[in-house]
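Colleague: return a 3D structure for these sequence lines:
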Amino acid sequence: MRRYVLYISNDCAQCDDVVDYIKRKRIECLIINVDDEGDSTPEQVFTYPVMFLNDELLEYGRGIIEHFQQA
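Modeller: Next up is the predicted model:
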């Protein structure tokens, strides 16, 4: 089973865009705000938003939207 986890941060325009897209398309995904919830990603990352699939890095930024558009 695929398990998508999206990590976002506060004051991040790309994060807002990706969250809006995921909600509009009703993609099943756990969304974690690292600033508010204090959780960290499965591996070190350099920017947000970042999407993991089963704890493996999938995509950064607006590339997350492109990933789902191509699926």
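
Colleague: now whichever strand or helix holds residue 66: how far from the chain's centre is it?
Modeller: If you go by DSSP states H and E, residue 66 is part of helix 63-70. Using Cα atoms, centre = their mean, to the nearest Å, we find the averaged C-alpha position of helix 63-70 to lie 11 Å away from the chain's own average C-alpha position.

Colleague: buried residues in it, which are they?
Modeller: In terms of neighbour count (16 or more other Cβ atoms under 10 Å), helix 63-70 has its buried residues at 64, 65, 68. For glycine as for every other residue, the C-beta is placed from the backbone atoms N, C-alpha and C.

Colleague: in the helix or strand bottoming out on mean pLDDT in the chain, what's buried?
Modeller: In the chain, no helix or strand scores lower on mean pLDDT, DSSP states H and E than helix 34-37, which sits at a mean of 90. Buried residues in helix 34-37, defined by neighbour count with 16+ other Cβ under 10 Å: residue 34.

Colleague: what's next to it, contact-wise?
Modeller: Helix 34-37 is contacted from outside by 7, 8, 9, 10, 40, 41, 48, using Cβ atoms under 8 Å, 6 or more residues apart in numbering.

Colleague: residues in contact with the first one?
Modeller: Listed by Cβ under 8 Å, 6+ apart, the contact set of residue 7 reads 32, 33, 34, 39, 41, 45, 48, 49, 50, 51, 52.

Colleague: and those residues, which of them are in helices?
Modeller: Among these, the members falling in helices are residue 34 (criterion: DSSP state H).

Colleague: of the contacts of residue 7, closest to residue 26?
Modeller: Taking Cβ to Cβ as the measure, residue 26 sits nearest to residue 51 out of the contacts of residue 7, at 16.0 Å.

Colleague: quick check: the closest one touching residue 68?
Modeller: No: Residue 51 is not in contact with residue 68 according to Cβ atoms under 8 Å; the separation is 9.2 Å.

Colleague: sweet, I'm off.
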